[in-house]
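1. A structural model of the following input is requested.
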Amino acid sequence: MLESPSAANVSTRATGAPVSLEAWHGAWLAALILAEGVLLIVPVGVTIPVLAALLAMMAPATVGLWLVRARGPAAEAPVLVAWAAGGLTAALLSGGMGSPLSVWCLAPLAAAAAMARPQRLALGAALSLGALGLAFLGDLILDIPAVPAAPLARALGVIGLGTLGVAFSTALVVLRRGVDIDRRRAARADSRLREALADQPHLLLAIYPSGRIGAAWGQTPETLKGQIMPNRALVQIAATPDRHRIEAALREAVSDGRATVAFAAVGENGHGLELTLRRASPTRLMGTIRDIRAQQAREAALEAARAEAEAQNAGKSRFLANMSHELRTPLNAIMGFSDIMRQRLFGPMSDRYADYSELIHESGGHLLELINDVLDMSKIEAERFELNLEGFDAREAVNAVLRLMRGQADRAGVHLRGLVPREPLEVVADRRALKQIALNLISNALKFTPRDGSVTVTLQAAGPVLELIVADTGEGIGAEDLQRLGRPFEQAGDGMQRSNGTGLGLSLVRAFSELHGGEMKIESQLGEGTTVIVRLPVMDPEMGTTPPRLTAG
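-> From the prediction side, this is the model:
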């Protein structure tokens, strides 16, 4: 793809290789330095004003070289002004309009052509004419140096015409090349636009207000194949009973700017196509035809796929619920018999068998927790979970969980702290669900908190909302993991940490919170710990809204 010319790279050689505007200025500067050196060597009677005139033309070349490099396209106008000032000064120092160097007043036009930007040619021409006009006025009102003697004048004429001729020749080649580049770029843009129009899913029409088709792009519906042709009346593509509808839509679009109509194609029964008209200009309408039946078929297919996916998911949830229920019966027996063995109710047994029974009971308890989680999640997904709402003191439920988890916290070397109010927190909620929320959050916090860290559990009321906040000083959770947590079987942390759970804990917390009409929010950053906030609108309305005082436990 060709890139648009920049101020630092706005011209090309005749061969197509890039020539920068910097190089154009540098070549002019080099030519003038060479010319001045030749004049000083050849005995033509060089005068101080002539040397000053040559320096005056070196100035815009030097300034232009610096401005183009420093400011890019923003330097174009100042560069042209510098060339006009340099040409005028050179003419005035070498004899005014009669000087051979007065041709340098055309330098702004050459510089504008070298920029290969047609919009700059007008400015360059205006500055050139302005410089010539001021040089003519200088002859009339200023005391300017006389025209140099013949030998020097001839040398200056060769220098002036030579440098300006080469500059114009190069600039014109560059300008033509730039125009060609712009033309090709416009052609490619037009081609890409036509490709985009051809690839859009509907049929796009350009229509004259008289109702005749001007052009068409896009996908032609099967029912209109071979009927869309330039200069054909739009009404001819519709079945006879619907043609008056299209005529009315055309009149409405011309007057109101927009219209929509459904119609049947020639040979079709029923309305299968929709035409949307929009007034683009006083002489042109734009119309879009889409196949309603094809769209309806696609929507029906998507709806069927969605229904099938939901049915499969519901079947999976029912299977897991039934399987979990069936597994609990033999598992309860295993745990009961292993507990009898642990307590040696039927007599003594060796220490090794006692250890085995302890492991059996511990593993059974872990498996029972997993099955209970799967069962609860399956019931929730199958919309079969029913809350058992009752009135109770939320402090009792949370304190019971704190007592249960203190042993695990002590074994992990983590300080578990509870902040609960002294006054009762009467709520109307599912007691087991609230305990499960607290248990899952505290268990997660302990699992991800290193030894000597702390987990703080805060229970408080905020108006009608009960807030349970569990904050830990653990490793924190990355941004990517935060987006996934809360969905079933999603876990954070490394492989060792993930192996300690099923990924159902937080998803159950979120589900139980939403069943109560509340929400769960996770705030965390790596290395700064994690805070999980659960808000449940379950406070008993008979209780006051005064925030209770918290006590540490």
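2. host element of the closest residue to Asn332 other than its chain neighbours?
-> Once flanking residues are discounted, Asn332 sits nearest to Leu368: 7.7 Å by Cβ to Cβ, 6 or more residues apart in numbering. No exception for glycine: its C-beta is placed from N, CA and C like everyone else's. Using DSSP states H and E, Leu368 maps to helix 351-381.
3. what residues sit buried inside the very next helix or strand once past that helix?
-> Sequence order places strand 389-393 as the next helix or strand after helix 351-381, per DSSP H and E. By neighbour count on 16 or more other Cβ atoms under 10 Å, the buried set for strand 389-393 is Phe392.
4. rounded mean pLDDT for strand 389-393, please.
-> Mean pLDDT, strand 389-393: 92.
5. which residue ranges of this protein form helices?
-> In the chain, the segments counted as helices under DSSP state H are 21-41, 48-71, 76-93, 107-114, 118-141, 150-199, 243-256, 292-343, 351-381, 394-412, 431-447, 479-484, 495-498, 505-515.
6. from the ones you listed, which stretch is densest packed?
-> Burial of the helices of the chain is given as mean neighbour count (mean count of other Cβ atoms under 10 Å); helix 107-114 ranks first at a mean of 28.
7. how much does that helix deviate in direction from helix 76-93?
-> 150 degrees (axes from the mean of the first three to the mean of the last three Cα atoms, to 10 degrees).
8. run through the neighbouring helices and strands of helix 107-114.
-> helix 21-41, helix 48-71, helix 76-93, helix 118-141, helix 150-199 (3 or more Cβ pairs under 8 Å, 6 or more residues apart in numbering; DSSP states H and E).
9. any idea of the angle the shortest one forms with helix 48-71?
-> Here the directions of helix 76-93 and helix 48-71 differ by 180 degrees (the same axes, to 10 degrees).
10. mind giving me the packing neighbours of helix 76-93?
-> helix 48-71, helix 107-114, helix 118-141.
11. on that earlier part again, pretty sure the residue nearest to Asn332 is touching Pro330, no?
-> No - the pair Leu368 and Pro330 fails to qualify as a contact (Cβ atoms under 8 Å) at a distance of 11.1 Å.
12. domain-wise, how is this protein divided?
-> Domain ranges of the chain: 11-196, 203-294, 299-381, 389-552, per automatic domain parsing.
13. model confidence score at the residue nearest to Asn332, please.
-> Per the predicted model, pLDDT is 72 at Leu368.
14. now it: how far from Glu467?
-> 30 Å (Cβ to Cβ, to the nearest Å).
15. and what of Gly478?
-> Taking Cβ to Cβ, one finds Gly478 at 26 Å from Glu467.
16. if we can go back for a sec, which of the helices and strands packed on helix 76-93 sits closest to Arg177?
-> helix 107-114 (11.1 Å; Cβ to Cβ).
17. low-confidence ranges, the stretch 201-350 of the chain, go.
-> Residue ranges of the stretch 201-350 of the chain with pLDDT under 70: 268-271, 293-298, 315-325, 328.
18. can you add distance to Ile533 and give the helices of the chain back as a markdown table?
-> What follows is those, written out as a markdown table (distance: least, Cβ to Cβ, whole Å):
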| stretch | distance to Ile533 |
| --- | --- |
| helix 21-41 | 62 |
| helix 48-71 | 54 |
| helix 76-93 | 60 |
| helix 107-114 | 67 |
| helix 118-141 | 61 |
| helix 150-199 | 48 |
| helix 243-256 | 54 |
| helix 292-343 | 28 |
| helix 351-381 | 21 |
| helix 394-412 | 14 |
| helix 431-447 | 10 |
| helix 479-484 | 14 |
| helix 495-498 | 22 |
| helix 505-515 | 10 |
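19. what residues does the spatially closest residue to Gly45 that is not a sequence neighbour make contact with?
-> With sequence-adjacent residues excluded and distances taken as Cβ to Cβ, 6+ apart, Gly45 is closest to Leu152, at 5.3 Å. Each residue near Leu152 by Cβ atoms under 8 Å, 6 or more residues apart in numbering is listed here: 39, 44-47, 50.
20. over to Thr449?
-> With Cβ under 8 Å, 6+ apart, Thr449 has these contacts: 412, 414, 455, 472-474, 529.
21. now it: phi and psi?
-> The phi/psi pair for Thr449 (degrees, to the nearest 10) reads phi -110, psi 130.
22. next one: Ala265 from Met229, what distance?
-> 14 Å.
23. scratch that, Ala301 is what I was asking about
-> From Ala301 to Met229 the distance is 32 Å (Cβ to Cβ).
24. ok, now Leu402?
-> Distance from Leu402 to Met229, by Cβ to Cβ: 81 Å.
25. same question for Ser169.
-> Distance from Ser169 to Met229, by Cβ to Cβ: 51 Å.
26. what do you get for Glu390?
-> Counting by Cβ to Cβ - Glu390 and Met229 are separated by 76 Å.
27. mind listing what the residue nearest to Gln408 when sequence neighbours are not counted touches?
-> Counting by Cβ to Cβ, 6+ apart, Gln408 lies nearest to Leu446, which is 5.9 Å off, once chain neighbours are set aside. By Cβ under 8 Å, 6+ apart, the contact set of Leu446 is 405, 408-409, 412, 414, 416, 455, 472.
28. what is the nearest of the residues you listed to Glu195?
-> The nearest one, if we look at the contacts of Leu446 relative to Glu195 and count by Cβ to Cβ, is Asp472, at 56.5 Å.
29. shouldn't Cys361 be in contact with Gly336?
-> Rather than Cys, residue 361 is His. No - applying Cβ under 8 Å as the test, His361 and Gly336 come out as separate, 9.4 Å apart.
30. contacts only, for the residue of the chain most remote from its centre.
-> Centroid-distance maximum for the chain: Gly347 at 72.5 Å, with Cα atoms, centre = their mean. For Gly347, the contact set (Cβ under 8 Å, 6+ apart) is empty.
31. could you measure from it over to Ile340?
-> 11 Å.
32. same deal with Gly72?
-> From Gly72 to Ile340 the distance is 89 Å (Cβ to Cβ).
33. likewise Arg183?
-> For Arg183 relative to Ile340 (Cβ to Cβ), the value is 95 Å.
34. can you check Phe136 too?
-> With Cβ to Cβ as the criterion, Phe136 and Ile340 are 123 Å apart.
35. can you check Gly517 too?
-> 44 Å.
36. now swap in Ala135 and tell me
-> 120 Å.
37. repeat that for Thr276.
-> For Thr276, the distance to Ile340 - Cβ to Cβ - is 78 Å.
38. give the contact list for the spatially closest residue to Gly96 that is not a sequence neighbour.
-> Closest residue to Gly96 apart from its sequence neighbours, by Cβ to Cβ, 6+ apart: Asp139 at 4.1 Å. By Cβ under 8 Å, 6+ apart, the contact set of Asp139 is 96-98.
39. repeat for Leu197
-> 204, 217-218.
40. now do Glu222
-> Asp291.
41. coming back round to it: can you lay out the contacts of Leu197 as a markdown table showing distance to Ala189 and neighbour count?
-> Output for the contacts of Leu197, formatted as a markdown table (distance: Cβ to Cβ, whole Å; neighbours: other Cβ atoms under 10 Å):
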| residue | distance to Ala189 | neighbour count |
| --- | --- | --- |
| Leu204 | 18 | 16 |
| Trp217 | 15 | 18 |
| Gly218 | 19 | 18 |
